[in-house]
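Participant: after the sequence you'll find the predicted model.
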Amino acid sequence: MILTHDVILSEIKKGNIKIDPFDESLLGAASYDLALGTAIRIFTAQKEAYPVRDDANFAHITKLIEIGEEGYTMKPGETLLGVTKEKITLAPHIAGWLEGRSRFARVGLMVHISSPFMQPGIDSYQVLEIANLAPTPLTIFPGTKICQFIFQYCEGSATYKGKFSGQTTP
């Protein structure tokens, strides 16, 4: 069941949803807009094929950088990892979905390529898999309301304890 504006506010007041920092003006009819933070992880040029296995460590083929108000210009076809400015904490009976916003999809910017499901009980900043599918360079800026989080109730309770639990950087 997708949570709507008033239910999300009620769950925030109960402490079952925490968004830090929280700005009520970013709460829509059934989602909350999240902004791009300043840390991004860009892929470095590799001559050898990267082995995609269960133990893959993307840190070996990427470089963590900070972007300022001048933004970062993505080349056509470029993919990078970003992180939200906001930290999301969910109770064990609430999960969510991270989705891009149509205004950016319409110019060829994919904000979350894969893995949009956010497990119940998460307590982390959200990592974004950003890709420029446009035939032209696109500049992204920290603070831009780049994606939205959709909340839903779970049947039962669980808490995510996986590899990326508590993640703070992309």
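Facilitator: That came in fine, so what should we check first? Residues are numbered from 1 along each chain as shown.
Participant: what is whichever strand or helix holds residue 129 packed up against?
Facilitator: Secondary structure assigned from DSSP states H and E places residue 129 in strand 123-132. Secondary-structure packing of strand 123-132 (3 or more CB pairs under 8 Å, 6 or more residues apart in numbering; DSSP states H and E): strand 32-43, strand 79-90, strand 109-110, strand 145-153. All C-beta spots, glycine's among them, are computed from the backbone N, C-alpha and C.
Participant: could you dump these into TSV with mean pLDDT added?
Facilitator: Converted to TSV, these look like this (pLDDT from 0 to 100):
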stretch	mean pLDDT
strand 32-43	97
strand 79-90	96
strand 109-110	96
strand 145-153	97
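Participant: output these in CSV; the columns should cover mean neighbour count and distance to residue 12.
Facilitator: As requested, these are arranged in CSV below (neighbours: other CB atoms under 10 Å; distance: least, CB to CB, whole Å):
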stretch, mean neighbour count, distance to residue 12
strand 32-43, 20, 9
strand 79-90, 20, 10
strand 109-110, 18, 29
strand 145-153, 20, 10
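Participant: got these as TSV, with distance to residue 60 columns?
Facilitator: Listed next are the helices and strands packed on strand 123-132 as TSV, based on distance: least, CB to CB, whole Å:
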stretch	distance to residue 60
strand 32-43	11
strand 79-90	13
strand 109-110	24
strand 145-153	26
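Participant: quick one: which of the ones you listed is nearest residue 71?
Facilitator: strand 32-43 (9.4 Å; CB to CB).
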